[in-house]
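Provided below for reference: sequence and predicted model.
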Amino acid sequence: MNKVFLIGNLTRDPELSETPSGVSVCRFSIAVNRSYTNSEGERETDFFHVTAWRGLGESVARFCKKGNKVAVTGNVQIRNWEDNDGNKHQGVDIIAQDVEFLTPKSSSENDGNEEWGNRRQGNSDKRQARKPALQSFDDDDDIPF
């Protein structure tokens, strides 16, 4: 099984392009902190190149920017190539199957959807105002015992 789950921050704005046949492809990189510290007490970071195809890539390019936190589910793909001098190289790419946007919208980007922003910040005033009032009723007459 070839499956990878990564949570990290975009290191640069996503780059959206098209193949010669017109298929959308988005390339971006994410920085993922390791879960442990090195001998100097510092947390090291790994950098991953991610490729998202078609609609998924278009969504990433539209809604994400440098610094945004994302969760990427996908698989690992190894690339082998030879440069002009005949030297062989190998690269590792993540092919995204799903990208979840983890950075909440800021108040300037919520396009008038105040409820979404308030819910993400823990403000429950609007949700409480929309709760229907419960009415009590007595239905003990229908109980057969």
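Perfect, thanks for sending it. Residues are numbered from 1 along each chain as shown.

Can I take it that Ser59 is in a helix?
Yes - checked against DSSP: H, G, I helix; E, B strand; the rest coil, Ser59 lies within a helix.

The residue lying closest to it once chain neighbours are set aside bridge partners, please.
Counting by Cβ to Cβ, 6 or more residues apart in numbering, Ser59 lies nearest to Val99, which is 7.4 Å off, once chain neighbours are set aside. C-beta: built from backbone N, CA, C; applies to glycine. For Val99, the beta-bridge partners under DSSP bridges are Val72.

Report the contact partners of Val99.
Applying Cβ atoms under 8 Å, 6 or more residues apart in numbering to Val99 gives the contacts Val50, Ala52, Leu56, Ser59, Val60, Cys64, Val70, Ala71, Val72, Thr73.

Can you name the two of these that sit furthest apart?
For those, the maximum inter-member distance is 15.3 Å, found between Cys64 and Thr73 (Cβ to Cβ).

all strands for this protein, in order.
For the chain, applying DSSP state E gives strands covering 4-10, 15-18, 24-37, 43-53, 69-82, 88-101.

mind listing what's buried in the second one?
It stands for strand 15-18. By 16 or more other Cβ atoms under 10 Å, the buried positions in strand 15-18 come out as Leu16.

do the same with the fourth one
Within strand 43-53, the residues that count as buried by 16+ other Cβ under 10 Å are Phe48, Val50, Thr51, Ala52.
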